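# structure, please.
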Amino acid sequence: SNMSHHLPKLVFQRHTKQLLCFSALPTVQNIKENNYLYPSKVCDTPFGLPPLTQVAQRRVKGYQNKHSIQSFRTNSEAHFRSVATMAQNTTIGSSEGEGRTVECVESPELIFRQLWDHLGGSSTFTYLLADPATKEAMLIDPVLEMVDRDIELVSSLGLTLKLCLNTHMHADHVTGSGEIKKRLPGVKSVIAQASGAQADVYVSDGNEVSAGAVRVAVRATPGHTEGCVTYVTPLGGGMAFTGDALFIQGCGRTDFQGGDAGTLYESVHHQIFSLPETYKIYPGHEYKGRTSSTVLLEKTQNPRLTKNKEEFIEVMNNLNLPPPKKLDVAVVANRRCGL
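Residues are numbered from 1 along each chain as shown. Model (predicted):
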């Protein structure tokens, strides 16, 4: 196939599940001849589109999944360049019982899980970050219907949950922060002061929150709502948890909760696109089976945010989207930390 040259050469050691090499882009034939080992199951993804390493495996086996190949092509160079920075001593995989885990990373500096809401209907990503040394952890954007899963995951990994961070006051689902606090005394909720929601800790641009040695910086990214923030860490090769400010090849709507298209455009360009280009973008939602992107890809390929500001405002002001299904319930509950 003329797509085969886009395959990255990811070499795993089967018995340790360790990423051993990151180098040139081989052909499918070369992968077959050299018996490069791909893990049979990187994680349990609920999407039609599997994680990138599984796409590679399917491609080697000759599957002709158009969407998988396209995702592999558009995510190849920048995505895998950022993965390369954390390849040494990093294990990628999933554990039994973690269900609906999308991306998993364990290294001496970070335990990371990307989780997906398959019960609440919001297609929300929740993120777990933890310090392997102290076992202290934080959750970003927990969902009420997925609290059982999140608590079980924290317990199975031997972690102590310290913080529940929200990127903004959500309108499409009820946050799980309040329920988690009820069931795990000592956990503190975190949200932007500008959100108008209740929390134990209020943050604003330039603040930092931590769980053990895992520190995330707060960048104000209003526009979807008045109180949106992006959480950024240099760990894992660089990660930005953008909530609804920036999606993969898209962005959040701007027609309610104090949203403003011009403000969102400035927020993304100044607060997210100014990050190193290899930083991975982890959005608040995804509806087409993708899991993450990079600053470089979104800065150069996002169909909305590569427009000039005036064109972007025109697009956003004419989306004519229906209200979120849970708008009335979610906003009221989320003003009270989901209770």
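# CA atoms for contacts and neighbours, from now on please.
OK.
# now the helices: where do they sit in the stretch 51-200 of the chain?
Along the stretch 51-200 of the chain, counting by DSSP state H, counting those that start in this stretch, helices occupy 52-60, 66-84, 147-156, 177-183.
# so where's the stretch 201-339 of the chain uncertain?
Low-confidence segments of the stretch 201-339 of the chain, defined by pLDDT under 70, are absent.
# what lies in contact with stretch 158-166?
Identification of contacts with stretch 158-166 by C-alpha atoms under 8 Å, 6 or more residues apart in numbering yields 130, 135-142, 154, 175, 177, 184, 186-191, 211.
# with stretch 182-196 instead?
So stretch 182-196 is contacted by 161-169, 177-178, 180-181, 197-204, 225-229, 335, 337 (C-alpha under 8 Å, 6+ apart).
# distance of residue 130 from residue 168?
Computed as C-alpha to C-alpha, to the nearest Å, the residue 130 to residue 168 distance reads 21 Å.
# and for residue 199?
With distances defined as C-alpha to C-alpha, the gap from residue 199 to residue 168 amounts to 11 Å.
# settle it for me: which of these two has more neighbours?
The residue with more neighbours, out of residue 199 and residue 168, is residue 168; 31 against 23, by other C-alpha atoms under 10 Å.
# residues contacting the closest residue to that one other than its chain neighbours?
Closest residue to residue 168 apart from its sequence neighbours, by C-alpha to C-alpha, 6 or more residues apart in numbering: residue 228 at 4.6 Å. By C-alpha under 8 Å, 6+ apart, the contact list for residue 228 reads 167-169, 192, 194-195, 220-222, 243-245.
# which ones are touching residue 292?
248, 280-283.
# and the spatially most central residue of the chain, what element?
Geometric centre of the chain, nearest residue: residue 282, 2.6 Å, by C-alpha atoms, centre = their mean. Residue 282 belongs to strand 280-283 when elements are defined using DSSP states H and E.
# by contact count, what packs against the next helix or strand after that strand?
Next along the chain after strand 280-283, taking DSSP H and E as the criterion, comes strand 293-294. With contacts defined as 3 or more C-alpha pairs under 8 Å, 6 or more residues apart in numbering; DSSP states H and E, the packing partners of strand 293-294 are helix 66-84, strand 280-283.
# list the contacts of the last one.
The set of residues external to strand 280-283 that reach it, using C-alpha under 8 Å, 6+ apart, is 79, 82, 125, 237-244, 246-248, 291-295.
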